[in-house]
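Student: After the sequence you'll find the predicted model.
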2 protein chains.
Amino acid sequence: MLTCGAMVEPVRTSARGRPVATSHAAIEQAAFTLFTERGFASTTLDDIARATGVGRRTLFRYFESKNDIPWGRFDLTLAGFRELLAGQPRDLPLHEAVHRAVVAFNRFPGDARPSHRDRMRLILTTPELEAHSVLRYADWRAVIAEYVAERTGTAPGDLRPQLVAHVSLALAMTAYEAWLSDADAELEDLLDRSMAALRDHLGAASS
Amino acid sequence: MLTCGAMVEPVRTSARGRPVATSHAAIEQAAFTLFTERGFASTTLDDIARATGVGRRTLFRYFESKNDIPWGRFDLTLAGFRELLAGQPRDLPLHEAVHRAVVAFNRFPGDARPSHRDRMRLILTTPELEAHSVLRYADWRAVIAEYVAERTGTAPGDLRPQLVAHVSLALAMTAYEAWLSDADAELEDLLDRSMAALRDHLGAASS
DNA sequence: ACACTAATGGCACTCGTGGTCAAAAAGGAA
DNA sequence: TTCCTTTTTGACCACGAGTGCCATTAGTGT
């Protein structure tokens, strides 16, 4: 669902003016520590500001809202997702291409696995975040819809692109939830198994 | 996605004590008028309280939050959904049974169509509401998961029930969004077409 | 030293939300 | 009628998220 944000700060255009006092990554880490200690709701923005050593007002220049903090720089990772889709072989069936890109998008280096899991657990088990996340998911879906539209010669808003986007998200969510509840399962396998379960459910041919 | 709330107030057990000053339906209607006039965000709870003629504090005894107002008494309609599922012939393939129940759940008497559409338009085009709605969707999904679990002899939390629930929601969302953007389309047709598009996408047999 | 620039952070304000509690408005019993 | 019980109401208060405004700060370039 998300790559860690790559932790790259968007290079300042000129070196003029007052230097920045913090970074997205710094805020994110300080906040995440507090969230796991006291819980998301009982951590105030004042707490996060104090922990980061920055004014409360400044936090809002890095993140649009408290709910956006756990997602990090998700927007940056969507560019990568777009590339993954574009890089799929054109002769692959559409559903296969989308599925492979989704799987690739959620492949993480082994050492990043634990933190990714913690992050997703926070997001998927905190009601406020669960709700807020649909806005991120919408961006993610848009990337898929665009790709499907391009390959089928339709508009992104048409039924087929939207359908594929929504269903792909449904598969990913199913896999993620299973991943969180089953300690030693591979996310990649779960994505495949979700897809297989869907085909099976609809009584589809083996592909 | 939702039936209008049936507008039934939960009968008071005894006629003692101070009588109620308003009802869910009254608040809902007053609020909806304001929402369409000034927009959701710029309508404050004070506005709604004033329009309904009750204290602001009282609103919270009828709805958990401002975001809950447009959904009305959705919880009550889920009971109906559960019955629709239970009423499907047992010899129907599972995917067919679920699909028919979803279609039936979203069938509305002709005269309720416009208001239902206005309500869904508000919910699906207001970011705050779009986000908040996932909590309602989760309840809706749980109903499906339970049914699938019961028919397949699994637990509601298992992969198959969760998968079917998520995908069913994806289909419904796709249909609803298409319904809102296409003035003269039937929701029922769109649900069928979404399902057909999914089967087609996966290269499934004709059923 | 001086101007310029960009980020910071304090202040004040609105609004949603929740806790507490006295007052209001009914019915029933003496 | 009068008092008691019951239940809802609504006022008051507190807290936290989010936002607009603006003086301050800390750099760079001349």
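Tutor: Happy to help now that I have it.
Student: Skip the chain neighbours and tell me the closest residue to residue A:22.
Tutor: Take residue A:22 and drop its neighbours on the chain: the residue closest to it by Cβ to Cβ, 6 or more residues apart in numbering or on different chains is residue A:54, 4.9 Å away. Just so you know, the C-beta spots here come from the backbone N, C-alpha and C atoms, and that holds for glycine as well.
Student: Likewise for residue A:129?
Tutor: Distances taken as Cβ to Cβ, 6+ apart place residue A:123 nearest to residue A:129, at 4.8 Å, with adjacent residues excluded.
Student: Stretch A:17-34: which residues count as buried?
Tutor: For stretch A:17-34, the neighbour count (16 or more other Cβ atoms under 10 Å in any protein chain shown) marks A:22, A:24, A:25, A:26, A:27, A:28, A:29, A:30, A:31, A:32, A:34 as buried.
Student: and whatever residue of chain A ends up closest to DNA strand C, which of the three is it?
Tutor: Of all residues in chain A, the one sitting closest to DNA strand C is residue A:17 (1.9 Å; Cβ to the nearest atom of the strand). Three-state call for residue A:17 (DSSP: H, G, I helix; E, B strand; the rest coil): coil.
Student: Quickly note the distance from it to residue A:61.
Tutor: Per Cβ to Cβ, to the nearest Å, residue A:17 is found 13 Å from residue A:61.
Student: name the helices or strands packed onto the top helix by length along chain A?
Tutor: As assigned by DSSP state H, the longest helix anywhere in chain A is helix A:127-152. Contact here means 3 or more Cβ pairs under 8 Å, 6 or more residues apart in numbering or on different chains; DSSP states H and E; on that basis helix A:127-152 packs against helix A:74-86, helix A:94-105, helix A:113-125, helix A:159-181, helix B:127-132, helix B:134-152.
Student: And the ones you listed: which comes nearest DNA strand D?
Tutor: Short answer: helix B:127-132, nearest of the helices and strands packed on helix A:127-152 by Cβ to the nearest atom of the strand, at 10.2 Å.
Student: Could you give the average pLDDT over the closest one?
Tutor: The average pLDDT for helix B:127-132 rounds to 98.
Student: Give me the contacts around that helix.
Tutor: Here helix B:127-132 makes contact (Cβ atoms under 8 Å, 6 or more residues apart in numbering or on different chains) with A:131-135, A:138, B:40-41, B:65, B:67-68, B:70, B:122-124.
Student: still on that earlier bit, wouldn't the residue nearest to residue A:22 be in contact with residue A:23 here?
Tutor: No. In this structure, residue A:54 is not within contact of residue A:23 by Cβ atoms under 8 Å, at 10.2 Å.
Student: can you list the weak-confidence ranges in chain A?
Tutor: Residues of chain A that meet the criterion pLDDT under 70 lie in A:1-14, A:204-207.
Student: Show me what from it comes close to chain B.
Tutor: A:93-95, A:127, A:130-135, A:138, A:157, A:159-160, A:162-164, A:166-167, A:169-171, A:173-174, A:177-178, A:181, A:190, A:193-194, A:197-199, A:201-205, A:207 (Cβ under 8 Å from any Cβ of the partner chain).
Student: Can you say which of these are buried?
Tutor: The buried subset of these - by 16+ other Cβ under 10 Å - is A:94-95, A:131-135, A:159-160, A:162-164, A:166-167, A:169-171, A:173-174, A:177-178, A:190, A:193-194, A:197-199, A:201-202, A:204.
Student: Mind splitting chain A into its structural domains?
Tutor: The domain map for chain A lists A:24-70, A:73-201, with the assignment taken from automatic domain parsing.
Student: start to end distance for the last one?
Tutor: Across domain A:73-201, the terminal residues are separated by 36 Å (Cα to Cα, to the nearest Å).
Student: ditto for the first one
Tutor: Terminal residues of domain A:24-70 lie 11 Å apart, using Cα to Cα.
Student: With stretch A:104-124 instead?
Tutor: Stretch A:104-124 has an end-to-end distance of 21 Å (criterion: Cα to Cα).
Student: Tell me who's in contact with the residue nearest to residue A:129.
Tutor: By Cβ under 8 Å, 6+ apart, the neighbours of residue A:123 are A:70, A:71, A:129, A:130, A:133.
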